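Colleague: Just the structure for this:
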Amino acid sequence: MLVMQCSSDLELRGMVRGEVPHAGAGFRELVARANCAITVDGGDVERPYQGIVEVIGDNLAASLENYYQRSAQIPSHLALVSDPTLAGGILLQQMPDRGDAPEDDWRRLGLLAATLSMRDLAGGAGLDLLGRLFAEDDLRVYTRRDVVFKCRCSQERAENVLRLLGQADTEAACHEYGSVDVTCEYCGETRTFDAVDLSRVFAGGPQAESSTRSTEEFMNGGMGIGAEVCAREGFQGCAGQGTSGTERTGTYSQRP
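Modeller: Predicted structure coming up:
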């Protein structure tokens, strides 16, 4: 499972979880029978909507192009490149208020974008890169906006995870292991709660019933119960793997 989130301010966070069949596994084998889901949340401006398409082609870019073509219905060209230390890409889309681009010209732009390589990114993804790729075209460049990593986890959301798990199970784990940890699966930060902390968390508020839920259902929030202490041997609701390698049954999280 691959999850990426991006805000209108270009604040990114993401996570990946899965098992690699073998060292030489290719894209098709890793995503067999997978779907690509894109959720757009306009906040108070419009209701959230989601488009789901099948994963196709030999890379992630082909699947995202398939989404734009079939779900969003926006003609798009996408090229993605990466190595162990850097990732980058370029996305071309036809503007809806400018009419359809000539077919030959649109195909030419797609072929040029597809030549993107890691060598092109050595000097950064700036105006020089666009000039090299599209040397024969007139370019209008807007103000540069930097992409940054920013996680939205917080103490409050970690406490909500514990409330979702339920007071009885949480306090039982704390009694057995001395404390309970909540780890954000996006940034890796762990927040530890002892018996005094749990008394404050559950004081006076409604108590959520303990339940087991699927990783897919709650992955969007990214807050998982587990790591270090409570996932070492596990209890209902733990996520991930403990030191013994025992798989846990679910992930509890709070939607951002």
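
Colleague: I figured Val40 hits Tyr49, correct?
Modeller: Yes: using CB atoms under 8 Å, Val40 is in contact with Tyr49, at 5.8 Å. (C-beta placed from N, C-alpha, C; glycine too.)

Colleague: what about the strands in the stretch 51-200 of the chain?
Modeller: 76-83, 86-93, 148-149, 180-184, 190-193 (DSSP state E, counting those that start in this stretch).

Colleague: Point out the most buried one among those strands.
Modeller: Stretch with highest mean neighbour count among these: strand 180-184 (a mean of 26; mean count of other CB atoms under 10 Å).

Colleague: Return the list of strands paired to that strand, each annotated with direction.
Modeller: Sheet pairing for strand 180-184, assigned by DSSP bridges, gives strand 190-193 (antiparallel), strand 223-225 (antiparallel).

Colleague: mean pLDDT lowest for which of those?
Modeller: Among the strands paired with strand 180-184, strand 223-225 carries the lowest mean pLDDT, a mean of 43.

Colleague: surely Cys151 meets Tyr186?
Modeller: Yes: between Cys151 and Tyr186 there is a contact at 5.0 Å, judged by CB under 8 Å.

Colleague: show me the contacts for Asp83.
Modeller: Counting by CB atoms under 8 Å, 6 or more residues apart in numbering, Asp83 touches Met118.

Colleague: wait, what's in contact with Val201?
Modeller: For Val201, the contacting residues are Glu159, Leu162, Arg163, Phe193, by CB under 8 Å, 6+ apart.

Colleague: OK, contacts around the first one?
Modeller: It stands for Glu159. Phe193, Val201 are the contacts of Glu159 under CB under 8 Å, 6+ apart.

Colleague: follow-up on the earlier one: so between Cys151 and Tyr186, which is more surrounded?
Modeller: Shown here are Cys151 and Tyr186; by other CB atoms under 10 Å, Tyr186 has more neighbours (23 against 17).

Colleague: Does the more buried one touch Lys150 like I think?
Modeller: No: Tyr186 lies out of contact with Lys150 (CB under 8 Å); the separation is 9.7 Å.

Colleague: which residues are common contacts for these two?
Modeller: Common contact partners of Tyr186 and Lys150 (CB under 8 Å, 6+ apart): Arg13.

Colleague: Same list (the contacts of Val201) but as JSON lines, adding distance to Ser199.
Modeller: Putting those into JSON lines (distance: CB to CB, whole Å) gives the following:
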{"residue": "Glu159", "distance to Ser199": "12"}
{"residue": "Leu162", "distance to Ser199": "12"}
{"residue": "Arg163", "distance to Ser199": "13"}
{"residue": "Phe193", "distance to Ser199": "10"}
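
Colleague: And the furthest pair within these?
Modeller: With CB to CB as the measure, no two of the contacts of Val201 lie farther apart than Arg163 and Phe193, at 11.5 Å.

Colleague: Name the helix or strand of this protein that has the lowest mean pLDDT.
Modeller: In the chain, the helix or strand scored least confidently by mean pLDDT, DSSP states H and E is helix 230-233, which has a mean of 28.

Colleague: Now do the end-to-end distance for stretch 90-102.
Modeller: 20 Å (CA to CA, to the nearest Å).

Colleague: now swap in stretch 109-124 and tell me
Modeller: Distance across stretch 109-124, first residue to last, is 21 Å (CA to CA).

Colleague: can you pull the buried residues of it?
Modeller: Across stretch 109-124, burial judged by 16 or more other CB atoms under 10 Å covers Leu109, Gly110, Leu112, Ala113, Leu116, Asp120, Leu121.
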